[in-house]
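**Q** Fold the following, please.
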Amino acid sequence: MAPSEESILMNFLLSPSPLPTAISLEQFTKLFPKQLQSHPQIRTLYRDLQYLRAQDIDLVRENIQAEIKSGEKQKEELKNAQLNSGVTGMSRGDKVEADMDIQLFGNKDLLITRPEDHHSLDTLLVDMERACAAMESSIKSADAETSELASQITAAVGELSDLRYGKLNTPPGVENTLRDDIIMGLKRLEENCNNVAQ
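**A** Below is the predicted model of the structure:
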């Protein structure tokens with residue numbers, strides 16, 4: 001998600017804001033000549049600077065809030081200009097639908113919509129049929145993939161059923177031990193489960 005105007009302004013203009021974040025009292029004291037570093041007025045000067053900095057931060061925060069309100073007002077004016085620019089006599093319901101279209105599909109040029117950007121009944125039906133066909137195809141492929149993965153899982157579980165029924169003997173001449181077979185079967189089951197989860 002894109003950062004909001006407020007978060008951009010706050011992070012850019014107010015971070016790091018307080019004076020102790022920028023420079024500590026000890027660092028500030030070291031900026032003075034050695035013979036003056038123990039002077040008590042340095043602490044007072046630091047506190048005064050800290051107070052002035054806090055006032056500046058508050059002023060910047062107020063200006064950011066004013067800018068946010070101004071931006072919201074501009075967005076509303078643009079929306080009203082768009083509604084009033086091309087189509088006259090829009091009802092309240094039409095305005096709600098236009099707002100939903102802007103939210104769903106965005107607005108290419110932010111102010112003007114062209115007639116070719118709007119659907120007619122025929123183009124809307126064609127697009128809806130295309131979307132339905134694409135969804136049906138996607139569902140069929142997902143069903144086929146799910147069936148394949150389910151059969152792989154069933155096969156892996158069936159191979160592991162030897163444990164359940166006590167078929168633990170390894171035939172003579174086979175290099176794999178029961179332990180190796182179990183580990184391979186469990187890894188295959190885990191892979192199949194992970195594929196289903198994806």
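
**Q** quick one: what helix or strand has the closest residue in space to Leu36 that isn't next to it in sequence in it?
**A** Leaving aside its sequence neighbours, Leu36 sits nearest to Ile42 (C-beta to C-beta, 6 or more residues apart in numbering; 7.2 Å). C-beta here means a position set from N, CA and C on the backbone, and glycine is covered the same way. If you go by DSSP states H and E, Ile42 is part of helix 41-85.

**Q** distance of the residue nearest to Leu36 from Lys30?
**A** Separation of Ile42 from Lys30 (C-beta to C-beta, to the nearest Å): 10 Å.

**Q** Give me the more crowded residue out of those two.
**A** Under the neighbour definition other C-beta atoms under 10 Å, Ile42 and Lys30 were set side by side, and Ile42 has more, 16 against 11.

**Q** which ones are touching that one?
**A** Counting by C-beta atoms under 8 Å, 6 or more residues apart in numbering, Ile42 touches 28-29, 32, 36.

**Q** any low-confidence regions in the protein?
**A** Applying pLDDT under 70 to the chain flags residues 1-2, 82-91, 102-119, 161-178, 197-198.

**Q** Please parse it into its domains.
**A** Domain assignment for the chain by automatic domain parsing gives 5-85, 121-197.

**Q** Output those domains as TSV; include the columns distance to Gly93.
**A** TSV is the format used below for the domains of the chain (distance: least, C-beta to C-beta, whole Å):
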stretch	distance to Gly93
domain 5-85	13
domain 121-197	17
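
**Q** closest to Lys95 out of these?
**A** Closest approach to Lys95 among the domains of the chain is made by domain 5-85 (5.9 Å; C-beta to C-beta).

**Q** How far does that closest one sit from its chain's centre?
**A** When C-alpha coordinates are averaged (C-alpha atoms, centre = their mean, to the nearest Å), domain 5-85 and its chain have centres 28 Å apart.

**Q** Then stretch 132-139?
**A** 27 Å.

**Q** what residues does it touch?
**A** Residues outside stretch 132-139 that contact it (C-beta under 8 Å, 6+ apart): none.

**Q** Same question for stretch 142-153.
**A** Contacts of stretch 142-153 with the rest of the structure, by C-beta under 8 Å, 6+ apart, involve 188-189, 192-193, 195-196.

**Q** Can you say which of those residues are buried?
**A** With burial judged by 16 or more other C-beta atoms under 10 Å, the buried subset of the contacts of stretch 142-153 is 188-189, 192.
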